[in-house]
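**Q** sequence and predicted structure below; questions after.
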Amino acid sequence: AGQLDEDLSVLLKTLNCYLVRDTDDRRFMTLFYGILDGGDRSLTWCSCGHDPAIWFQRDRGTFEELPSTGLPLGIIDEADYDVGGPVTLAAGDVVLIGTDGIWEAMNDGGEQFGKDRLRETIAASADLSATDIYMAVLNAVNVHLAEVPQADDVTLVVIKVL
């Protein structure tokens, strides 16, 4: 990444070639790779088959998804990866990058946690720190699951703009 970080498309295409060569046909990897410029608060990304990142624009009280820009890594050799953004983040904004184990967490009634509940949790905790937002999301998922064991992995990154 240090050698190719100027061009996200080339970086992800190169990484993809390594993964295609080194993995079998049943394996692939999703990835959200973002570059956050602290000077102008801009975020540029490549998302390789990963679920969209969720951007909560605090001053507007609205949500936007930062979409996937290419196929998962490791599937086909000649895949291209577009660059998303840049978007300009404002003070108070929250960006959440997570895996589907969050919104697909299913309770004993067969009800998924869902993205609506996730958005409600983000909005309700948006004034907190990134760590506290992270904990609020995990707690909300655990409350939803109650006694049901977690069935899928939960990976979560929270960015809070100061």
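**A** That came through, no problem.
**Q** residues touching Ala130, list them.
**A** Shown in contact with Ala130 (C-beta atoms under 8 Å, 6 or more residues apart in numbering): 94, 158-160. For the C-beta atoms, the positions are set from N, CA and C on the backbone; glycine is no exception.
**Q** ok, it to Leu96 distance?
**A** 10 Å (C-beta to C-beta, to the nearest Å).
**Q** shared neighbours, the two?
**A** Contacts common to Ala130 and Leu96, judged by C-beta under 8 Å, 6+ apart, are 158-159.
**Q** one step back: of the contacts of Ala130, keep whichever come out buried.
**A** The neighbour-count test (16 or more other C-beta atoms under 10 Å) applied to the contacts of Ala130 identifies 94, 158-160 as buried.
**Q** run through the bridge partners of Leu43.
**A** Leu36, Val87 (DSSP bridges).
**Q** next, the buried residues of stretch 37-49.
**A** Of the residues in stretch 37-49, those buried (16+ other C-beta under 10 Å) are 41, 43, 45-49.
**Q** now what about it, what contacts it?
**A** Outside stretch 37-49, the residues that reach it (C-beta under 8 Å, 6+ apart) are 8-9, 11-12, 16, 28-36, 53, 66-73, 81-90, 95, 159, 161.
**Q** among these, name the ones in helices.
**A** 8-9, 11-12, 16 (DSSP state H).
**Q** output those as TSV; include the columns pLDDT.
**A** Below are these laid out as TSV (pLDDT from 0 to 100):
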residue	pLDDT
Leu8	91
Ser9	92
Leu11	92
Leu12	94
Asn16	95
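**Q** okay, these in a markdown table with distance to Leu118 and neighbour count next?
**A** Formatted as a markdown table, the ones in helices among the contacts of stretch 37-49 follow (distance: C-beta to C-beta, whole Å; neighbours: other C-beta atoms under 10 Å):
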| residue | distance to Leu118 | neighbour count |
| --- | --- | --- |
| Leu8 | 26 | 22 |
| Ser9 | 29 | 15 |
| Leu11 | 29 | 18 |
| Leu12 | 26 | 26 |
| Asn16 | 29 | 26 |
